[in-house]
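Student: Structure, please.
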Amino acid sequence: MNYLVYKARCAFLYSILAFAGVCVATSSVHALSQEQPSTVQKAPAVNQPSGDIPDWQARLELARLLSYVKRYDESLVEYGKVLAEKPELVKAKAEMARVLIWSGKTEEAKAILDAIAPDQLSSEDRLLQADLFAMRKEYGKAESIYRELLQASPENQTIQLRLAEVLSWTKRYAESLKLYEKLVVALPNDVQLRRRYAQTLSWAGKTQDAIREFRRSLGQ
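Tutor: Numbers count the residues shown, from 1 in each chain. The predicted model follows:
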């Protein structure tokens, strides 16, 4: 056989074998892709916060929001529904009492707060209760709560002012003025505070001091 012919046949045979190998490899890959499940992991779903929000809690939040925008009647309806389901929920009772006060229903607010044991009320709610007593001119009860709250928070200026007012209304001017003097030193630019102080000075018969403080409150 001519050497050139032999070489050409060999090259042709090699090309056929190479093509066949590529086809086998391709078909094997295709078969594997059909037979084997995908090993790519799907991204996990976003986890939701644990625990569902029950209806009563959603309603409580709704009641609060309605009160914040001064839709008091609607707020009170929602608080009523919360308490129908959770009658012992003290925070809902106290919040409802606050909304009742904002809507001018002080008697209903007082009834709610009076029915709650004092140790179950927050300091803020006890202060609200004392304010209600003061509004009803039950000054002794109001004073008792204010003093109790001051024992726990002696530098609370809001409570100091409330007590000073009650003492002045019961004509205990010396005790009242002592608190006012402490407050006007701490809050010298509070005009309304200084005017209350001046008014108490006037009631106590300290006319010149009252004139001085009223002038100061007017920037004179």
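Student: how about the helices of the chain, start to end?
Tutor: 3-35, 55-68, 72-85, 90-102, 106-114, 123-135, 139-152, 157-169, 173-186, 191-203, 207-217 (DSSP state H).
Student: Check which residues of stretch 55-67 are buried.
Tutor: Applying a neighbour-count criterion of 16 or more other C-beta atoms under 10 Å, one finds 59-60, 62-63, 66-67 buried in stretch 55-67. Any C-beta I mention is one placed from the backbone N, CA and C, and that applies to glycine too.
Student: In CSV: the residues you listed, plus pLDDT.
Tutor: Shown next, in CSV, are these (pLDDT from 0 to 100):
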residue, pLDDT
Arg59, 96
Leu60, 96
Leu62, 97
Ala63, 96
Leu66, 97
Ser67, 96
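Student: which one of the residues you listed sits closest to Ala97?
Tutor: Nearest to Ala97 among those is Ser67, at 11.4 Å by C-beta to C-beta.
Student: Surely the closest one is in contact with Val99?
Tutor: Yes. Judged on C-beta atoms under 8 Å, Ser67 makes contact with Val99 at a distance of 4.8 Å.
Student: shared neighbours of those two, which are they?
Tutor: Residues touching both Ser67 and Val99 (C-beta atoms under 8 Å, 6 or more residues apart in numbering): Ser75.
Student: hang on, the earlier thing: in terms of mean pLDDT, which of the helices of the chain ranks lowest?
Tutor: With a mean of 41, helix 3-35 has the lowest mean pLDDT of these.
Student: Next, the contact list for Leu113, please.
Tutor: 93-94, 97, 121, 125, 128-129, 132.
Student: By neighbours, which of those residues wins?
Tutor: Ala97 (27 neighbours; other C-beta atoms under 10 Å).
Student: Pull the contacting residues for it.
Tutor: With C-beta under 8 Å, 6+ apart, Ala97 has these contacts: 108-110, 112-113, 125, 128.
Student: can I get these in CSV with distance to Trp169?
Tutor: Listed next are the contacts of Ala97 as CSV, based on distance: C-beta to C-beta, whole Å:
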residue, distance to Trp169
Glu108, 24
Ala109, 21
Lys110, 18
Ile112, 25
Leu113, 21
Asp125, 23
Leu128, 18
